[in-house]
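K.L.:
next one to model:
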Amino acid sequence: MATEKNTLRQRLSFTNDPWFSAVVPLIVLFAAMSIIKPDTFLTSSNIMNVLRQSSTYAIMAVGMSFAIITGGIDLSQGSVLAVVAIVVGIVIRDTESIFLAVAAGIAVGAAVGVLNGAVVAFLGVPAFIMTLGTMRAMRGVALLITNGTPIDIKMRAFRVVGVESLFGIPIPVYLFVAVALAAQFILSQTATGRYIFALGSNEEAAKISGVRISANRIKAYLISGVCVAIAAILYISRLGSAQPIAGESYELESVAAAVIGGTSIVGGEGSAIGSIIGAVVVALIRNGMVLLQISTYWQSIVIGMVIVVSVSIDILRKRIEASRVS
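P.N.:
Next up is the predicted model:
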């Protein structure tokens, strides 16, 4: 009986892979839409459109995965995206310098990330509360700076990254893949990555081992802020407009992508590659519902259900792993 039980656990052990919760729905969704709507779904233009649309969420989800792996969360991402977009738009409009605009945008994203991380690390404010407060504050800043008026970006050179393709593949796809690979390298090949995982796995054990808890928590939120800044620059490059209402609810899409991609909501587990796969899954769900002419009101309902299912799978994997250890 014990042997049979161990064999069953071994067969189920693949569910312990963080990527499992992202790859399976990706394959299922792609196969289903290929069968149901082959004429419209399987066109190269539609596939490229899905990848282009997922690029903003993918980059944000990579940053979100760092925050969640530490056992926290970054609910300020959507509002920070709006502030960064506005800052970049103003600099482009006033100086026509792409370099200064990009530098200013990344600086703003990094600064907010450091602020979030520092308050969580040094004052002990729960990440949920801190980033929720930052979310509201940054949205107010975006509206205050612009007085609620969008900033149009007419510089053609700035819009190349968001709208053009290279070898038939949208440039945003190259960008989110590059961000994901760099983030995955940090998580898997550097001491910072190991420490970030340690924070979410067992903070007390990490502290005893000499890990600098505060510094590495700040680094995680710094990376989240920088990723949001990159996503914001890509976002306005594609749309050609910086709007104070930009990014509303994007933090929820980011959480969905990260969780679907195998990042454990309780911390200590996740991957950047999985997060971009999760973002593509979210984009496929939206694209599929549009092709099937399903009301857009259902999209949020479906995404919410997917988050619940993904978290449930995560909990199941934890239980299976715990039973294997015991």
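K.L.:
any low-confidence regions in this structure?
P.N.:
Within the chain, the segments meeting pLDDT under 70 span 1-21, 325-326.
K.L.:
and the residue nearest in space to the middle of it, what element?
P.N.:
Nearest to the centroid of the C-alpha atoms of the chain, with distances taken as C-alpha atoms, centre = their mean, sits Ala61, at 0.7 Å. When elements are assigned from DSSP states H and E, Ala61 belongs to helix 44-69.
K.L.:
contacting residues for the residue nearest to the centre of the chain?
P.N.:
For Ala61, the contacting residues are Glu253, Ser254, Ala257, Ala258, Gly261, Ser275, Ile276, Gly278, Ala279, by C-beta atoms under 8 Å, 6 or more residues apart in numbering. Glycine gets a C-beta too; all of them are placed from N, C-alpha and C.
K.L.:
hmm, 10 Å instead?
P.N.:
54, 68, 77, 176, 180, 227, 231, 250, 253-261, 263, 272, 274-279, 282 (C-beta atoms under 10 Å, 6 or more residues apart in numbering).
K.L.:
next step: the residues you listed restricted to helices.
P.N.:
Among the contacts of Ala61, the ones falling in helices (DSSP state H) are 54, 68, 77, 176, 180, 227, 231, 250, 253-260, 272, 274-279, 282.
K.L.:
can you tell me what sits against stretch 32-52?
P.N.:
Defining contact as C-beta under 10 Å, 6+ apart, one finds that stretch 32-52 is touched by 29-30, 58, 162-163, 165, 168-173, 176-177, 234, 238, 279-280, 283-288, 290-292.
K.L.:
try stretch 161-176
P.N.:
44, 47-49, 51-62, 98, 153, 156, 160, 177, 227, 230-231, 233-240, 275-276, 279-280.
K.L.:
could you turn the buried ones of these into a ChimeraX selection?
P.N.:
Those of the contacts of stretch 161-176 that count as buried under 16 or more other C-beta atoms under 10 Å are selected in ChimeraX with:
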select :51,52,53,54,55,56,57,58,59,60,61,62,98,153,177,227,230,231,233,234,235,236,237,238,239,240,275,276,279,280
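K.L.:
coming back round to it: any idea how far the helix holding Ala61 is from the chain center?
P.N.:
In terms of C-alpha atoms, centre = their mean, to the nearest Å, the centre of helix 44-69 is set 7 Å apart from its chain centre.
K.L.:
and the helices in the stretch 151-300 of the chain?
P.N.:
Counting by DSSP state H, counting those that start in this stretch, one finds helices in the stretch 151-300 of the chain at the ranges 156-163, 171-189, 191-201, 203-208, 213-239, 250-260, 272-291, 297-325.
K.L.:
out of the ones you listed, deepest packed?
P.N.:
Across those, averaging neighbours per residue (mean count of other C-beta atoms under 10 Å) puts helix 250-260 on top, at a mean of 27.
K.L.:
so who does Tyr221 touch?
P.N.:
By C-beta under 10 Å, 6+ apart, the neighbours of Tyr221 are 63, 66-67, 70, 72, 74, 76, 110, 112-121, 127, 130-131.
K.L.:
narrow these to those that are buried.
P.N.:
When the contacts of Tyr221 are checked for burial by 16+ other C-beta under 10 Å, the buried set is 63, 66-67, 70, 72, 74, 76, 110, 112-113, 115-121, 127, 130-131.
K.L.:
restricted to helices, list those residues.
P.N.:
63, 66-67, 110, 112-113, 115-118, 127, 130-131.
K.L.:
list just the nearest of those to Ile218.
P.N.:
Ranked by distance to Ile218 (C-beta to C-beta), those are led by Gly117 at 3.5 Å.
K.L.:
how near is that closest one to Gly63?
P.N.:
12 Å (C-beta to C-beta, to the nearest Å).
K.L.:
what sits in contact with each of those two?
P.N.:
Jointly contacting Gly117 and Gly63 under the rule C-beta under 10 Å, 6+ apart are Asp74, Ala220, Tyr221, Leu222, Ile223, Ser224, Gly225.
K.L.:
which residues touch Pro25?
P.N.:
Residues counted as contacts of Pro25 (C-beta under 10 Å, 6+ apart) are Ile260, Ile277, Gly278, Val281, Val282, Leu284, Ile285, Val306, Val309, Ser310, Ile313.
K.L.:
of all pairs in these, which one is the farthest apart?
P.N.:
Most distant of these, by C-beta to C-beta, are Leu284 and Ile313, 17.7 Å apart.
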